[in-house]
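Q: Next input, structure requested:
(2 chains)
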Amino acid sequence: MTTIEQVRKRAEADARTYGYYLIADPDLLQGFLEGLKVNEDRYGYPSCPCRLASGKFEYDRDIICPCDYRDPDVAEFGACYCRLYVNKDVYEGKAELPTVPERRPIEKQSRVYITAASSKEPKAETGQKTAAAKEEARATSEPKPKLWYCKQCGYVVFRDDPPYVCPICKAKKEMFAEINTRIDFSG
Amino acid sequence: MQLSKVSGKNNKHKVLVYALSTCVWCKMTKQFLKDNSIEYEYVDVDLCDEKDREKIRKEIQNKGGSLSYPTIIVDNDVVITGFRKDQLKGTLGI
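A: Just a heads-up that it's a prediction; the model follows:
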């Protein structure tokens, strides 16, 4: 089980690495860290305390803290969506704590709910289903991870969508291209 | 769906809060309503089962809300997204 202190240290280290600050208000900060801890204990990963998670890693990957949207949100608004991470001006009280609109695409938000509805169908007839049919059902209902590379710095990532921004060089999503792989056993 | 009710002296409006149990802003919204003696009902969506979540999604979207939390629905009509003190004060006449 994760402790609050571990969650705090991780967030502090991440803020330091990327030049951000954690929200200055100690009560709010404690609230965020507790929320992250609850989610980590509940799902196995610290998904955003202010967003509804599905509990399925593939669907929640983009909202695991620090989420995919933090960098563009701090750059544009001065804070991330939940406002755990803020920029220097907000931290020092020179700028007000902003209201940050949800940047996560609605299709991804909706998947949290659709998962619930669609996951029931395959379960009903599991007995007779062949492994292939199950695999097919899984493939159509879940995102398929692919290899993506950043055309700017070469960073490679295996997931269903390219990241919102490159975690290494901060290039935008559009700079990512899919890597098509082919395994050939014929030599 | 299990709604929890918090009693308050001011029950002029029907206030429903869709919240997340892990969300600081949802907690602050509940506290703000309580501090102002507003009677309200709430449900923590992350603790709901799949069926209820889907129901809640439809309800929020039918009312023109977005799937962000907290979502506060006043008198089955006005949708407030996020912890917005000013909007809550205006709508509830605090």
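Q: any idea where the helices of chain B begin and end?
A: B:24-35, B:50-62, B:85-92 (DSSP state H).
Q: Pick the most buried one from those.
A: Of all the helices of chain B, helix B:24-35 has the most neighbours on average by mean count of other CB atoms under 10 Å in any protein chain shown, namely a mean of 19. To be clear about C-beta, it is placed using only N, CA and C from the backbone, and glycine gets the same treatment.
Q: for the helices of chain B, which one sits closest to residue A:34?
A: With CB to CB as the criterion, residue A:34 lies closest to helix B:24-35 of these, at 8.5 Å.
Q: Wait, a strand at residue A:147?
A: Yes - read with DSSP: H, G, I helix; E, B strand; the rest coil, residue A:147 is one of the residues of a strand.
Q: how far away is it from residue A:73?
A: Noted for residue A:147: a distance of 27 Å to residue A:73, by CB to CB, to the nearest Å.
Q: Now do the nearest residue to residue A:155 once chain neighbours are set aside against chain B, distance only.
A: The spatially closest residue to residue A:155, leaving aside those adjacent along the chain, is residue A:168, at 4.5 Å (CB to CB, 6 or more residues apart in numbering or on different chains). Distance from residue A:168 to chain B, counting by CB to the nearest CB, to the nearest Å: 30 Å.
Q: quick revisit: between residue A:147 and residue A:73, which one's more packed in?
A: Set residue A:147 next to residue A:73 and count neighbours by other CB atoms under 10 Å in any protein chain shown: residue A:73 wins out with 23 against 13.
Q: Verify the stated contact: that one with residue A:81.
A: Yes - with contact defined as CB atoms under 8 Å, residue A:73 counts as touching residue A:81 (5.8 Å).
Q: Count the residues that sit near residue 13.
A: Answering for chain A, as no chain was given. A total of 10 residues lie near residue A:13 under the criterion other CB under 10 Å.
Q: not what I meant, chain B
A: Here the count is done by other CB under 10 Å, and residue B:13 has 17 residues near it.
Q: Who are the contact partners of it?
A: With contact set as CB atoms under 8 Å, 6 or more residues apart in numbering or on different chains, residue B:13 has these partners: B:38, B:74, B:75, B:91, B:92.
Q: picking that back up, so what sits against both of residue A:73 and residue A:81?
A: What both residue A:73 and residue A:81 touch, as defined by CB under 8 Å, 6+ apart, is the set A:100, A:103.
Q: sorry, back to before: kindly reformat the contacts of residue B:13 as CSV containing pLDDT and distance to chain A.
A: Below are the contacts of residue B:13 laid out as CSV (pLDDT from 0 to 100; distance: CB to the nearest CB, whole Å):
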residue, pLDDT, distance to chain A
B:38, 97, 21
B:74, 97, 19
B:75, 97, 24
B:91, 96, 17
B:92, 95, 19
